[in-house]
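J.: below is the sequence, then the predicted model.
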Amino acid sequence: MAAPSGAVSCEDFAEFQELLRVMRTIDDRIVHELNTTIPTASFVGKIDASQTCKELYQSLMDAHTSRERIIKNCIAQTSNVVKTLREEREKAQDDIALLKQLRKEQTKLKLMQSELNVEEVVNDRSWKVFGD
């Protein structure tokens, strides 16, 4: 699946996760994609398997690159928010609401960073299946 058009919102983690889930559809369906890409004996002459495999390979590469870019972009944005909140917190040590907001953003940042690990597992699985 191609990258979504427009800017990605990193503020709502649930929305961010849903976007990644949708973008990972190609990886979730890799076995099906390969089964429909590689022709059976009766269709060998009608379908160019090497071209179809190249297209699937390129689709996987594009999907992986797009997701990684989105994840890293959101991590950078959230890191900046955390940095700003920390600076504000140093100035207003007794502001409980600010502390809660900082903790919330730190948690979101950790969850986004963990998505990089999830992405690595998803990508490795897809390339293993594609290679087999």
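T.: Everything's here; your move.
J.: what comes up buried for the lowest-mean-pLDDT helix or strand in the chain?
T.: Least confident helix or strand, the chain: helix 30-37 with a mean of 76, by mean pLDDT, DSSP states H and E. Buried residues in helix 30-37, counting neighbours by 16 or more other Cβ atoms under 10 Å, are found at 30, 33, 37. Placement of C-beta: from N, CA and C, glycine included.
J.: what's the local residue count around residue 78?
T.: Number of residues near residue 78 (other Cβ atoms under 10 Å) recorded here: 22.
J.: can I get the least confident helix or strand of the chain as PDB, trimmed to CA atoms?
T.: The C-alpha trace of helix 30-37 is given here as PDB (Å, rounded to 0.1, in the frame of the first residue of the first chain):
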ATOM      1  CA  ILE A  30       2.400 -11.600   1.400                       C
ATOM      2  CA  VAL A  31       1.700 -15.400   1.000                       C
ATOM      3  CA  HIS A  32      -1.500 -14.700  -0.900                       C
ATOM      4  CA  GLU A  33       0.300 -12.100  -3.100                       C
ATOM      5  CA  LEU A  34       3.000 -14.600  -3.900                       C
ATOM      6  CA  ASN A  35       0.500 -17.400  -4.600                       C
ATOM      7  CA  THR A  36      -1.300 -15.100  -7.100                       C
ATOM      8  CA  THR A  37       1.900 -13.700  -8.500                       C
END
